[in-house]
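Asks: quick check, what structure comes out for this input:
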Amino acid sequence: RDRARVRVVIAGVLGFAVASAISSVMPTYALYAVTLVFTGFTVVTILSTANGYVQATTDAHLRGRVLAIYVAILLGGTPVGAPIVGWVADELGPRAAIQLGTLASLIAAAIAITWLVWSGRVHRGGRLRLRLDETRPLSVITQPIAKASASN
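Replies: Numbering: from 1, shown residues only. Prediction:
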């Protein structure tokens, strides 16, 4: 594709939910390992597409700030989520911990789909197909940071 798309991110999140749900019920290690290939594919798809989308849709003068926030949220979620997942794994077992990830991705996909519908970007195309509008830039009110003049 020539650019990153939100629908690819959402499809990746839904694919992750399916792959992780299937992996959580695999009876043998070999079958579990096979499902991890699909789980890994969806994770790489989500991360690379989301990163490309954020960079491509951000104004050049704000890109550094936006990417700093994006990375802080992406990496900052681990210290919050890891103890929760660890506690679930201790109390309910590793399968439940994987299923918690499935639930989290389904919630994230539901939020994203709801946002797309409420923002008016999803329209009905021909037949039963849904069409997603192109990305519209958000209006951001910013002013360039004035350099402090050296008035000593």
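Asks: just confirm residue 43 contacts residue 17, I think it does.
Replies: No - taking Cβ atoms under 8 Å as the definition, residue 43 is not a contact partner of residue 17, at 11.7 Å. Glycine gets a C-beta too; all of them are placed from N, C-alpha and C.
Asks: which of the two has more neighbours?
Replies: Shown here are residue 43 and residue 17; by other Cβ atoms under 10 Å, residue 17 has more neighbours (20 against 17).
Asks: you'd agree the more buried one is up against residue 100?
Replies: No - at 11.5 Å, residue 17 does not count as touching residue 100 under the criterion of Cβ under 8 Å.
Asks: which parts of stretch 17-26 are buried?
Replies: Neighbour counts over stretch 17-26 (16 or more other Cβ atoms under 10 Å) mark 17, 18, 19, 20, 21, 22, 23, 24, 26 as buried.
Asks: list the contacts of that stretch.
Replies: 32, 34-36, 38-39, 41-42, 95-96, 98-99, 101-102, 105-106, 109 (Cβ atoms under 8 Å, 6 or more residues apart in numbering).
Asks: can you pull the contacts of residue 56?
Replies: With contact set as Cβ under 8 Å, 6+ apart, residue 56 has these partners: 3, 4.
Asks: run the last query once more with 10 Å
Replies: Residue 56 makes contact with 2, 3, 4, 5, 63, 135 under the criterion Cβ atoms under 10 Å, 6 or more residues apart in numbering.
Asks: just give me the neighbour total for the fourth one.
Replies: The reference is to residue 5. 17.
Asks: quick one: pLDDT of it?
Replies: In this prediction, residue 5 carries a pLDDT score of 85.
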